[in-house]
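Engineer: output the structure for:
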Amino acid sequence: MRGKAHEYLNTEEGKGLEEFLRNDGFLKDEVPRIPPSVTYAELRRTAARLRSGKIRGNPRMPPNELADLIEKSIRQDQIVRGVFKADREQTAFERECELKDEATFVAGFHHLKKIPEAADPESPVAEQVRQIHRELKKKMGRGRKRKR
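Structural biologist: The predicted structure is shown next:
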(Lines give C-alpha, C1' and ligand atoms only; values in the text may rest on other atoms or scores of the structure.)
Protein backbone atom coordinates (compact mmCIF):
# COMPACT_ATOMS: atom_id res chain seq x y z
CA MET A 1 0.00 0.00 0.00
CA ARG A 2 1.43 3.34 -0.95
CA GLY A 3 1.30 6.72 0.75
CA LYS A 4 -2.08 7.87 -0.58
CA ALA A 5 -3.75 4.66 0.54
CA HIS A 6 -2.19 5.02 4.02
CA GLU A 7 -3.40 8.62 4.22
CA TYR A 8 -6.89 7.53 3.13
CA LEU A 9 -7.00 4.81 5.80
CA ASN A 10 -6.21 7.43 8.45
CA THR A 11 -9.34 9.44 7.55
CA GLU A 12 -12.75 8.74 9.10
CA GLU A 13 -14.06 7.25 5.86
CA GLY A 14 -10.96 5.09 5.47
CA LYS A 15 -11.29 3.76 9.02
CA GLY A 16 -14.88 2.79 8.29
CA LEU A 17 -13.78 0.98 5.15
CA GLU A 18 -11.00 -0.81 7.03
CA GLU A 19 -13.47 -1.87 9.74
CA PHE A 20 -15.83 -3.18 7.06
CA LEU A 21 -13.01 -5.25 5.52
CA ARG A 22 -12.02 -6.60 8.95
CA ASN A 23 -15.59 -7.62 9.75
CA ASP A 24 -15.87 -9.48 6.45
CA GLY A 25 -12.62 -11.32 7.14
CA PHE A 26 -10.56 -9.75 4.35
CA LEU A 27 -8.15 -8.12 6.79
CA LYS A 28 -6.51 -9.92 9.67
CA ASP A 29 -4.82 -8.33 12.68
CA GLU A 30 -1.98 -10.85 12.81
CA VAL A 31 -0.72 -9.85 9.36
CA PRO A 32 1.65 -6.85 9.45
CA ARG A 33 1.19 -3.88 7.14
CA ILE A 34 3.71 -3.36 4.37
CA PRO A 35 5.67 -0.11 4.56
CA PRO A 36 5.18 2.19 1.53
CA SER A 37 8.87 2.02 0.62
CA VAL A 38 8.91 -1.76 0.07
CA THR A 39 7.76 -3.27 -3.22
CA TYR A 40 5.91 -6.53 -3.72
CA ALA A 41 8.80 -7.89 -5.78
CA GLU A 42 11.22 -7.36 -2.90
CA LEU A 43 8.89 -9.13 -0.51
CA ARG A 44 8.36 -12.05 -2.91
CA ARG A 45 12.12 -12.44 -3.35
CA THR A 46 12.57 -12.37 0.42
CA ALA A 47 9.90 -15.07 0.84
CA ALA A 48 11.59 -17.22 -1.81
CA ARG A 49 14.99 -16.81 -0.11
CA LEU A 50 13.47 -17.76 3.24
CA ARG A 51 11.95 -20.91 1.76
CA SER A 52 15.18 -21.91 0.03
CA GLY A 53 17.21 -21.33 3.19
CA LYS A 54 19.50 -18.67 1.70
CA ILE A 55 18.58 -16.21 4.45
CA ARG A 56 17.47 -16.66 8.02
CA GLY A 57 14.58 -14.77 9.49
CA ASN A 58 13.37 -14.66 13.05
CA PRO A 59 14.98 -17.54 15.02
CA ARG A 60 11.73 -18.05 16.97
CA MET A 61 9.70 -18.57 13.77
CA PRO A 62 10.27 -21.20 11.09
CA PRO A 63 11.27 -19.73 7.70
CA ASN A 64 8.25 -21.22 5.89
CA GLU A 65 5.83 -19.59 8.34
CA LEU A 66 7.59 -16.25 7.96
CA ALA A 67 7.41 -16.57 4.15
CA ASP A 68 3.69 -17.40 4.40
CA LEU A 69 3.16 -14.36 6.61
CA ILE A 70 4.92 -12.15 4.05
CA GLU A 71 2.72 -13.51 1.26
CA LYS A 72 -0.43 -13.02 3.36
CA SER A 73 0.54 -9.41 3.98
CA ILE A 74 1.02 -8.93 0.21
CA ARG A 75 -2.45 -10.35 -0.50
CA GLN A 76 -4.02 -8.22 2.22
CA ASP A 77 -2.28 -5.13 0.91
CA GLN A 78 -3.51 -5.87 -2.62
CA ILE A 79 -7.09 -6.17 -1.34
CA VAL A 80 -6.89 -2.82 0.44
CA ARG A 81 -5.32 -1.15 -2.61
CA GLY A 82 -8.01 -2.62 -4.87
CA VAL A 83 -10.82 -1.39 -2.64
CA PHE A 84 -9.15 2.01 -2.33
CA LYS A 85 -8.82 2.26 -6.12
CA ALA A 86 -12.45 1.22 -6.64
CA ASP A 87 -13.58 3.82 -4.10
CA ARG A 88 -11.60 6.58 -5.86
CA GLU A 89 -13.05 5.54 -9.23
CA GLN A 90 -16.58 5.53 -7.77
CA THR A 91 -16.07 9.00 -6.30
CA ALA A 92 -14.76 10.31 -9.63
CA PHE A 93 -17.72 8.75 -11.46
CA GLU A 94 -20.21 10.33 -9.04
CA ARG A 95 -18.53 13.72 -9.41
CA GLU A 96 -18.69 13.40 -13.21
CA CYS A 97 -22.41 12.52 -13.05
CA GLU A 98 -23.10 15.52 -10.80
CA LEU A 99 -21.34 17.84 -13.24
CA LYS A 100 -23.32 16.42 -16.17
CA ASP A 101 -26.58 16.81 -14.25
CA GLU A 102 -25.72 20.38 -13.36
CA ALA A 103 -24.77 21.21 -16.96
CA THR A 104 -28.03 19.70 -18.21
CA PHE A 105 -29.98 21.70 -15.62
CA VAL A 106 -28.30 24.97 -16.58
CA ALA A 107 -28.82 24.27 -20.31
CA GLY A 108 -32.50 23.59 -19.65
CA PHE A 109 -32.75 26.84 -17.70
CA HIS A 110 -31.24 28.84 -20.56
CA HIS A 111 -33.59 27.14 -23.02
CA LEU A 112 -36.56 27.95 -20.77
CA LYS A 113 -35.52 31.64 -20.63
CA LYS A 114 -35.68 31.88 -24.43
CA ILE A 115 -39.30 30.72 -24.64
CA PRO A 116 -41.57 33.65 -25.57
CA GLU A 117 -43.88 32.92 -22.62
CA ALA A 118 -41.01 33.67 -20.23
CA ALA A 119 -41.15 37.33 -21.26
CA ASP A 120 -44.68 37.68 -19.82
CA PRO A 121 -44.21 38.36 -16.06
CA GLU A 122 -47.61 36.85 -15.22
CA SER A 123 -47.08 33.49 -16.93
CA PRO A 124 -46.22 30.32 -14.99
CA VAL A 125 -43.13 29.88 -17.18
CA ALA A 126 -41.79 33.27 -16.06
CA GLU A 127 -42.43 32.33 -12.42
CA GLN A 128 -40.52 29.08 -12.96
CA VAL A 129 -37.62 30.98 -14.59
CA ARG A 130 -37.46 33.39 -11.63
CA GLN A 131 -37.52 30.53 -9.14
CA ILE A 132 -34.72 28.65 -10.92
CA HIS A 133 -32.72 31.87 -11.22
CA ARG A 134 -33.04 32.46 -7.45
CA GLU A 135 -31.89 28.90 -6.73
CA LEU A 136 -28.87 29.29 -9.00
CA LYS A 137 -27.94 32.61 -7.41
CA LYS A 138 -28.29 31.12 -3.94
CA LYS A 139 -26.14 28.14 -4.92
CA MET A 140 -23.38 30.31 -6.42
CA GLY A 141 -23.29 32.59 -3.40
CA ARG A 142 -22.98 36.31 -3.19
CA GLY A 143 -21.23 38.04 -6.08
CA ARG A 144 -18.14 40.15 -5.61
CA LYS A 145 -18.57 43.79 -4.76
CA ARG A 146 -17.97 46.06 -7.74
CA LYS A 147 -15.90 49.21 -7.49
CA ARG A 148 -17.54 52.48 -8.48
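Engineer: please enumerate the helices of this protein.
Structural biologist: In the chain, the helices defined using DSSP state H lie at 3-9, 12-23, 40-52, 63-114, 124-140.
Engineer: can you redo these as CSV with distance to residue 34?
Structural biologist: For every residue, glycine as well, the C-beta is placed using N, CA and C. Shown next, in CSV, are the helices of the chain (distance: least, C-beta to C-beta, whole Å):
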stretch, distance to residue 34
helix 3-9, 10
helix 12-23, 15
helix 40-52, 7
helix 63-114, 5
helix 124-140, 44
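Engineer: turn these into CSV, columns for mean pLDDT.
Structural biologist: Listed next are these as CSV, based on pLDDT from 0 to 100:
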stretch, mean pLDDT
helix 3-9, 67
helix 12-23, 76
helix 40-52, 92
helix 63-114, 86
helix 124-140, 83
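Engineer: so which of these gets nearest residue 30?
Structural biologist: helix 63-114 (8.0 Å; C-beta to C-beta).
Engineer: give the other helices and strands that the closest one contacts.
Structural biologist: The contact analysis (3 or more C-beta pairs under 8 Å, 6 or more residues apart in numbering; DSSP states H and E) places helix 63-114 against helix 3-9, helix 12-23, helix 40-52, helix 124-140.
Engineer: mind listing what's buried along stretch 113-121?
Structural biologist: The neighbour-count check on stretch 113-121 (16 or more other C-beta atoms under 10 Å) flags residue 118 as buried.
Engineer: ok, stretch 79-92 next?
Structural biologist: 80, 83-84.
Engineer: ok so, going back, can I get the helices and strands packed on helix 63-114 in CSV with mean neighbour count and distance to residue 104?
Structural biologist: Listed next are the helices and strands packed on helix 63-114 as CSV, based on neighbours: other C-beta atoms under 10 Å; distance: least, C-beta to C-beta, whole Å:
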stretch, mean neighbour count, distance to residue 104
helix 3-9, 14, 31
helix 12-23, 13, 29
helix 40-52, 15, 44
helix 124-140, 12, 13
